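Asks: Here's my sequence, what's the structure:
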Amino acid sequence: MSKYLKIFAPAGFGAASVLALAYVIADQVVVDMPAPVREAIAVAPATAQEAPAEPEIVQVAESRITAAEGGYGLGRAALPEEVAAWDIDIRPDGSGLPEGSGDVWTGEEVFVAKCASCHGDFGEAVGRWPVLAGGQGSLESERPVKTIGSYWPYLSTVFDYVHRAMPFGEAQSLTPDEVYAITAYLLYLNDVVDDDFELSHENFAEVELPNQENFFLDDRAETELARFSAAPCMDSCKDSAEITMRAAVLDVTPDAGVVTEDAAMEEPVAEAPAIDEAAAEGPDPELIAEGEGVFRKCSACHQVGDGARNRSGPTLNRVLGHPAGAVDGFRYSPALIEAAEGGLVWTEDELAAFLAAPKEYLPKTKMTFRGLASDDEIDAVIAYLRSVGE
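Replies: Alright, predicted model coming up:
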């Protein structure tokens, strides 16, 4: 007997130790079983008083039962406030617009701060980000420029996209007034409104974009659905077949000797007209200093002096007395290129007229500056530009 005790006693003690250790680990580490499983297998003691169910648990259980009857037993119906948070779309007739307003020049300030890093100060785009201005008349070309002024159908499309998705990385951070102001500025960049325009929820529906008439309601349900729903013809569908047109083979590699578009643009720059001796003597130093102060209004886009570089506007060194559109490496607007090809030279009179009212002097220019306030400011700036060109 003692022999068996020597064998089974240690074994029994070891088994008891393992079970005790397992119980301690389970009690301290193992996560409790999921509530639905626990509730399904739990048996309440006969003497225990049934506890009332928590209101939230009851609500969740009821929603699961409802979902299970009509679907996959997942989720719940969205709450009205949750639907309202997503229901922010703006319709072409202005439905859904928030109350608010914003003018062009407020829009310029917000656009420069929030949008210009991607879209450029004048909507010309930086890198491969979308162009927002220009492109009028390009839709029939091989490379159409689809912008608000050339392609988009409704102003609600502009407002809705800015309101819903911009700025990039900070969507829906703009106030309604800021969205109205940015939209007004974009209309101004695309020559749809003047610089004194103010957009609001009250006059929103009155604004029409240039390409609106070229869009129409989707009529495929009436025009195409029946035709494509019919059984397809597989044999003897036509009595005869004839060739009505032939494909054109486009050789995009220019042959030797062919003048390319880039080469055609590399025409010799016209010689600058002679500057009279009186002007060459230089203006009054006080006038130059005054002009330097006024030029701060222009310095956000233009640079002058040593080390000047093209920004959203070209450098203005030696601009006076020279042909327009002649700064290397700057992408001018089509309007200024056309004026340059017509022989525009920045004489004092021409430059003064441009600085007084850029949009009136050169419609569709990329320059959005409204113009200098007085002739004295214009004279001072011209004197300053002459001094940095010497």
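
Asks: what comes up buried for the helix or strand hosting Ile378?
Replies: In the assignment (DSSP states H and E), Ile378 maps to helix 375-388. Across helix 375-388, burial judged by 16 or more other Cβ atoms under 10 Å covers 377-388. All C-beta atoms are positioned from the backbone trio N, CA, C, and that covers glycine.

Asks: same thing with stretch 350-370?
Replies: 351-356, 358-359, 361-362, 364-370.

Asks: the inter-axis angle of the helix or strand where Leu351 lies versus helix 375-388?
Replies: Element membership of Leu351 [criterion: DSSP H and E] is helix 348-356. In terms of direction (axes from the mean of the first three to the mean of the last three Cα atoms, to 10 degrees), helix 348-356 departs from helix 375-388 by 120 degrees.

Asks: I'd like the next helix or strand past helix 348-356.
Replies: helix 358-361.

Asks: Touching that next one from outside, list them.
Replies: 195, 353-354, 365, 367-371 (Cβ atoms under 8 Å, 6 or more residues apart in numbering).

Asks: make it 6 Å
Replies: 353-354, 365, 367, 369, 371 (Cβ atoms under 6 Å, 6 or more residues apart in numbering).

Asks: need the contact list for Asp196.
Replies: Applying Cβ under 6 Å, 6+ apart, no residues contact Asp196.

Asks: Report the spatially nearest residue to Val304, omitting neighbours in sequence.
Replies: Of all residues not flanking Val304 in the chain, Val388 sits nearest, at 4.5 Å (Cβ to Cβ, 6 or more residues apart in numbering).

Asks: what's the pLDDT at that neighbour?
Replies: Looking at Val388, its pLDDT stands at 81.

Asks: Can you name the residues that contact it?
Replies: 304-305, 317.

Asks: quick one: which of those is most hemmed in?
Replies: Most neighbours among these, by other Cβ atoms under 10 Å: Val304, with 20 neighbours.

Asks: Phi first, then psi, for that one.
Replies: phi -140, psi 170 (degrees, to the nearest 10).

Asks: Is it correct that it is in contact with Leu316?
Replies: Yes. Val304 sits in contact with Leu316 when judged by Cβ atoms under 6 Å, with a separation of 5.1 Å.

Asks: Show me which of the buried residues of helix 375-388 is closest to Leu336.
Replies: Leu385 (17.1 Å; Cβ to Cβ).

Asks: dump the residue contacts of the closest one.
Replies: Here Leu385 is in contact with 316, 319-320 (Cβ under 6 Å, 6+ apart).

Asks: What distance do you get for it to Trp105?
Replies: 25 Å (Cβ to Cβ, to the nearest Å).

Asks: The closest residue to Gly135 other than its chain neighbours: neighbouring residues, count only.
Replies: Closest residue to Gly135 apart from its sequence neighbours, by Cβ to Cβ, 6+ apart: Val145 at 3.0 Å. Look at Val145: counted by other Cβ under 10 Å, it has 18 neighbours.

Asks: Val145 and Gly293: what is the separation?
Replies: From Val145 to Gly293 the distance is 38 Å (Cβ to Cβ).

Asks: Low-confidence stretches in this structure?
Replies: Along the chain, segments meeting pLDDT under 70 span 1-13, 16, 18, 20-71, 247-283, 300, 312, 368, 389-390.

Asks: Quick one: the strands in it, in order.
Replies: Using DSSP state E, the strands assigned to the chain run over residues 101-103, 198-200.

Asks: can you list these in CSV and add mean neighbour count?
Replies: Below are these laid out as CSV (neighbours: other Cβ atoms under 10 Å):
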stretch, mean neighbour count
strand 101-103, 20
strand 198-200, 20
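
Asks: hmm, back to that, what would the contacts of Val388 look like in TSV with distance to Tyr151?
Replies: Formatted as TSV, the contacts of Val388 follow (distance: Cβ to Cβ, whole Å):
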residue	distance to Tyr151
Val304	36
Gly305	40
Asn317	37
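
Asks: from those residues, which is closest to Ala84?
Replies: Val304 (52.9 Å).

Asks: give me every residue that touches the closest one.
Replies: Per Cβ under 6 Å, 6+ apart, neighbours of Val304: 316-317, 388.

Asks: please redo it, this time with the cut-off set to 8 Å
Replies: 295, 315-317, 385, 388.

Asks: would you turn those into CSV with distance to Phe228?
Replies: Formatted as CSV, the contacts of Val304 follow (distance: Cβ to Cβ, whole Å):
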residue, distance to Phe228
Phe295, 64
Thr315, 58
Leu316, 60
Asn317, 63
Leu385, 65
Val388, 67
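
Asks: tell me which of the residues you listed is nearest to Thr175?
Replies: Phe295 (33.1 Å).

Asks: Please determine how far that closest one is located from Gly135.
Replies: From Phe295 over to Gly135 (counting by Cβ to Cβ), the distance is 31 Å.

Asks: Repeat that for Leu79.
Replies: Looking at Leu79 against Gly135, where the rule is Cβ to Cβ, the gap reads 44 Å.

Asks: And Lys146, by the same measure?
Replies: Lys146 is 6 Å from Gly135, by Cβ to Cβ.

Asks: Specify which residue of these two has the higher count of neighbours.
Replies: Gly135 (20 against 14).

Asks: where along the stretch 151-300 of the chain do the helices fall?
Replies: 155-165, 176-189, 220-223, 225-229, 261-265, 277-280, 285-294 (DSSP state H, counting those that start in this stretch).

Asks: what's the closest of those helices to Gly120?
Replies: helix 176-189 (9.9 Å).

Asks: and the closest one with helix 155-165, angle?
Replies: 130 degrees.
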